[in-house]
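**Q** model this:
(one chain, ligands or ions: 2)
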Amino acid sequence: MQVEHQLRCTGCGRVIAQEALKEDFRCPECSHLYEVEYPAWSASSAADTSASKRNLPNPSALRWLWKERRTSLELKDQSGIWRFRDLLPILKDEANIVTLREGNTPLYELPRAARSIGVERVYAKHQGMNPTGSFKDAGMTTALSVAHERGFSWVACASTGNTSAAMAAYAARAGMRSLVLIPEGKIAWGKLSQSLDYGALTCQLRTDFDGCVRVLAEVVRRAPVFLLNSVNPYRVEGQKTPAFEIAESLDWQLPDHLIVPGGNLANCSALGKGFLEMKLLGLTDRVPRISVIQAEGANPLYRSMQENGGKELTPVEADTRASAIRIGNPASWRKAVRILEATGGWVEQVNEAEIALAKAEIGAEGIGCEPASAVTLAGLKKLVAQGHVQPSESVVLLLTGHTLKDSDYTIRYHRGDLLTEEEIAPLRPEIESTRRNTVELDADVDQVLRALEKAVQP
Ligand SMILES: *Cc1c(COP(=O)(O)O)cnc(C)c1O
Ligand SMILES: [Zn+2]
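**A** Ligands and ions are numbered 1, 2, ... in the order given. I've put the predicted structure just below:
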């Protein structure tokens, strides 16, 4: 099956051919972002005649094929992104695929969280279990493969850390060079070290993430580099595939609700696109609600929904310790609003102590995640308290990054100097019961036994 794709502007609706895409990926008419579209699918679903229906892939054949590929020895089949390539036909030649065998990430049950929150089933889809430790790999394999196919030798991104780690790794795999712009002093060390390790040209700019984005927009206009920020519509195509994996892991019984952290808001848009396309193609008969959770200090979408129902968005000066979502002017906010509307999801905000506590609770399930991912559990508690999530529902939390991405944060939480007294106050008992600081002792058996005794006592 050879399906052509085109690009539709999410602002004015104008459709362009792939070759007409500008280097900043924005519409020259209205400056909004594009979305990849497969006219063969939507045309046939609109008409719905039996003749045109034959253009659509057969759902049960697809399900069988995707499962079958998991046992194949071919690289493109072993990738949890490209094994769904029938639904992301963006390359002219599959030989251009650049893969690190990303995807196929685990869906864990969180029984303790479910019990304590009072919801039937809570799952964590752990996108931190990707090759570079974050969900960014899912979109990087697709967008970088497009750059490779189009003959670019340089790629670039502005990043809060994880995008640059993913980009640098995939560029290195493909034998390409990468340029990283990161805000000075505001990203986690683990992430910075990855981009150096994979050989990127890494520039720390004296500004924030939003400032890095502004500089890069000009750089890509003046130099032949392929932009790999999430404004790139080909990243979204890879990032939609965890929706297919979630459905597949639950034997095509969708969860009622999916909860996603909100930074630049591309992930929520991508997952929404994945679920909507599955429904369009008859793989599923409904879509889950998709809700977005932001940190209080970086909450432009939350404010926009409260103040004007998502019609306008006013950028904010972002500040949160969850550095992956420290974004004040999210590029994909219009796409995200459309997904919220299409799926009936909610937007909530959570504070620094709520994030830190939720992260410790996810850790205590033996799973762990980076701070930005933990907003999902903190947000779920709020959505349940507000009655937006019912006790009978099943919920999937999208964990975006690995716990080792920001071990500094974790150590400071347990040592007790992450949060201020004022931040801790409303949650003191919960926070104290999850803190596990190291115990310093002499090399003495009795001292260790005493520590053990103390820990056994209730
Ligand atoms: C990038 C990132 C986010 C934010 O995703 P958006 O698509 O920008 O909303 C959240 N968590 C982690 C760990 C990330 O790396
Ligand atoms: Zn437009």
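
**Q** Please count neighbours and contacts with C-alpha atoms only from this point.
**A** Will do.

**Q** Confirm residue 179 sits in a helix?
**A** No: Residue 179: not assigned to a helix; according to DSSP: H, G, I helix; E, B strand; the rest coil it is strand.

**Q** domain parsing for the protein?
**A** The chain breaks down by automatic domain parsing into domains covering 1-56, 107-133+235-434.

**Q** Just put the ones you listed in CSV and tack on mean neighbour count, distance to ligand 1 and mean pLDDT.
**A** Compiled in CSV, the domains of the chain are given as follows (neighbours: other Cα atoms under 10 Å; distance: least, Cα to the nearest ligand atom, whole Å; pLDDT from 0 to 100):
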stretch, mean neighbour count, distance to ligand 1, mean pLDDT
domain 1-56, 16, 14, 81
domain 107-133+235-434, 21, 3, 97
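
**Q** Can you tell me the element the closest residue to ligand 2 within the stretch 301-450 of the chain falls in?
**A** Of all residues in the stretch 301-450 of the chain, residue 334 sits closest to ligand 2, at 12.2 Å by Cα to the ion. Assigned by DSSP states H and E, residue 334 belongs to helix 333-343.

**Q** what does residue 125 give?
**A** Counting by DSSP H and E, residue 125 is part of strand 121-126.

**Q** Point out the other helices and strands that that strand packs with.
**A** strand 107-109, helix 111-117, strand 394-399 (3 or more Cα pairs under 8 Å, 6 or more residues apart in numbering; DSSP states H and E).

**Q** The last one versus strand 121-126: what angle between them?
**A** Just to be clear, that refers to strand 394-399. Between the axes of strand 394-399 and strand 121-126, defined by axes from the mean of the first three to the mean of the last three Cα atoms, to 10 degrees, the angle is 20 degrees.

**Q** what lines up beside strand 394-399 in the sheet?
**A** When pairing is defined by DSSP bridges, strand 394-399 lines up against strand 121-126 (parallel), strand 257-261 (parallel).

**Q** which other residues reach that strand?
**A** Strand 394-399 is contacted by residues 119-128, 255-261, 369, 373-374, 376-377 when judged by Cα atoms under 8 Å, 6 or more residues apart in numbering.

**Q** how far is the helix or strand that it is followed by from where the chain is centred?
**A** Tracing the chain C-terminally past strand 394-399 and defining elements by DSSP H and E, one meets helix 407-415 next. Its chain's C-alpha centre and that of helix 407-415 lie 23 Å apart, by Cα atoms, centre = their mean, to the nearest Å.

**Q** Report all helices and strands that the following helix or strand past helix 407-415 contacts.
**A** The first helix or strand that comes after helix 407-415 along the chain, using DSSP H and E, is helix 421-424. Using 3+ Cα pairs under 8 Å, 6+ apart as the contact definition, the elements that helix 421-424 packs against are helix 352-364.

**Q** With just CA atoms, put the helix it packs on into PDB.
**A** Extracted in PDB, the C-alpha atoms of helix 352-364 (Å, rounded to 0.1, in the frame of the first residue of the first chain):
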ATOM      1  CA  GLU A 352       5.700  21.900  43.100                       C
ATOM      2  CA  ALA A 353       5.000  19.800  46.200                       C
ATOM      3  CA  GLU A 354       2.200  17.900  44.500                       C
ATOM      4  CA  ILE A 355       4.600  17.000  41.600                       C
ATOM      5  CA  ALA A 356       7.400  16.000  44.000                       C
ATOM      6  CA  LEU A 357       5.100  13.800  46.100                       C
ATOM      7  CA  ALA A 358       3.600  12.100  43.000                       C
ATOM      8  CA  LYS A 359       7.100  11.400  41.700                       C
ATOM      9  CA  ALA A 360       8.100   9.700  44.900                       C
ATOM     10  CA  GLU A 361       4.900   7.600  44.800                       C
ATOM     11  CA  ILE A 362       5.600   6.500  41.200                       C
ATOM     12  CA  GLY A 363       9.100   5.600  42.400                       C
ATOM     13  CA  ALA A 364       7.700   3.600  45.300                       C
END
